[in-house]
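Asks: Next come a sequence and a model predicted from it.
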Amino acid sequence: QVQLVESGGGLVQTGGSLRLSCAASGRSSSSLAMGWFRQAPGEEREFVAALSWSGGTAYYGHSAQGRFIISRDNAKNTVYLQINSLKPEDTAVYYCAATPRVNSGSSDRYDYDFWGQGTQVTVSS
């Protein structure tokens, strides 16, 4: 079993930056591919970014390209999501997810077996 705890969300102004963290416990994160998703009120959960277990392969959802950076520190069992040039439409709950089944990571939420509780990001205009 893997427990994931997100942190780093908050209220920021348009154009600001945030770094979200996701700490994994219960299993070494080096054997897990990690992903970030987000969900705005009334919307489907949306893929943001994914990173392979080694950290060598990263890919991003359409809305995240160019402003989001996913990274990981396996020594700390932590994955990060740097978000730059925040926009009001980035407002959502951001969820961290982990999978032992897809080494490269995935944009499909159903490929992930473990989820955090989410952290709220609110961007004011």
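Replies: Sure thing, it's come through. These numbers come from a predicted model, not from an experiment.
Asks: give the contact list for G8.
Replies: Applying CB atoms under 8 Å, 6 or more residues apart in numbering, we find G8 in contact with L18, R19, L20, S21, T119. Heads up, the C-betas are built off the backbone N, CA and C, glycines and all.
Asks: Excluding chain neighbours, give the residue nearest to the second one in space.
Replies: In space, and not counting its chain neighbours, R19 is closest to Q82: 5.0 Å by CB to CB, 6 or more residues apart in numbering.
Asks: State the three-state secondary structure for that neighbour.
Replies: Here Q82 is recorded as strand under DSSP: H, G, I helix; E, B strand; the rest coil.
Asks: these two touch, right, it and S17?
Replies: Yes - in terms of CB atoms under 8 Å, Q82 counts as a neighbour of S17; the distance is 7.1 Å.
Asks: Compare these two (neighbour count), which wins?
Replies: More crowded of Q82 and S17, by other CB atoms under 10 Å: Q82, with 15 against 11.
Asks: Specify the beta-bridge partners of the more buried one.
Replies: R19, I69 (DSSP bridges).
Asks: Kindly provide the distance from it to A58.
Replies: Distance of Q82 to A58, given as CB to CB, to the nearest Å: 12 Å.
Asks: tell me, what's touching these two both at once?
Replies: By CB under 8 Å, 6+ apart, the residues touching both Q82 and A58 are I70, S71.
Asks: which other residues reach stretch 106-116?
Replies: Applying CB under 8 Å, 6+ apart, the contact partners of stretch 106-116 are 1-6, 22, 32-33, 35, 37, 45, 47, 50, 59, 61, 95-102.
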